[in-house]
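Novice: give me a 3D structure for the following:
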Amino acid sequence: MTIAENDLAPVFTLPATTGANINLAAFKGKIVVLYFYPRDDTPGCTKEACNFRDGIKALEKAGAVVLGVSPDSVVCHEKFRQKFHLPFPLLADVDHAVAEKYGVWKEKSMYGKKYMGLERSTFIINAEGRIAKIFRKVKVENHLQEVLAALAS
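Specialist: Alright, predicted model coming up:
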């Protein structure tokens, strides 16, 4: 599935580290930074999550809420969230159905082997529930600054 800027964001409900299910529709009227990452507690994913953690005040000042999504379980997410003191919910997309809706479940290749996995991507969803900005194949290093710049424009 291909999703483009200005499309309505695909709605979903996923179990989260809040102890309840999170439904994207509940955030209508708010800006959502929805980021997809491959795995809890791996170097790139940890750095990305910690960057969002460290920038949470600026993100909130811009009116945004942050939601992280990966195929890991809620139990795995909760350990990751607690270990790094992440102040936002992590959502468990264990069957990667939501990743597929957002077009981020892709064929990947490592050491010549092909496999299906999550492409690190971020979607900014505006208050009307439309995709305002898409970042695909995210490079973690300056990603927070890119997201904040997009929120400011």
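Novice: any idea how far residue 143 is from residue 54?
Specialist: In this view, residue 54 and residue 143 are 12 Å apart by Cβ to Cβ, to the nearest Å. Quick note: C-beta positions are derived from backbone N, CA and C, even for glycine.
Novice: compare the two and say which is more crowded by neighbours.
Specialist: Ranked by neighbour count (other Cβ atoms under 10 Å), residue 54 and residue 143 place residue 143 first, with 19 against 10.
Novice: how about the residue most central in space within the chain, what does it touch?
Specialist: The centre of the chain sits closest to residue 35, judged by Cα atoms, centre = their mean, with a distance of 1.5 Å. Counting by Cβ atoms under 8 Å, 6 or more residues apart in numbering, residue 35 touches 48, 52, 66-69, 120-123, 138.
Novice: what do you get if the cut-off is 7 Å, keeping everything else the same?
Specialist: 68, 122 (Cβ atoms under 7 Å, 6 or more residues apart in numbering).
Novice: and it, how far from residue 99?
Specialist: Taking Cβ to Cβ, one finds residue 35 at 12 Å from residue 99.
Novice: can you show me the helices along the chain?
Specialist: Taking DSSP state H, the helices of the chain run over residues 43-54, 56-61, 74-83, 97-101, 143-152.
Novice: next, the buried residues of the fourth one.
Specialist: To tie it back to what came earlier, the one meant is helix 97-101. Neighbour counts over helix 97-101 (16 or more other Cβ atoms under 10 Å) mark 98-99, 101 as buried.
Novice: which stretches of the protein form strands?
Specialist: With DSSP state E as the criterion, the chain has strands at 13-15, 21-23, 31-36, 64-70, 90-92, 105-110, 113-118, 121-125, 131-135.
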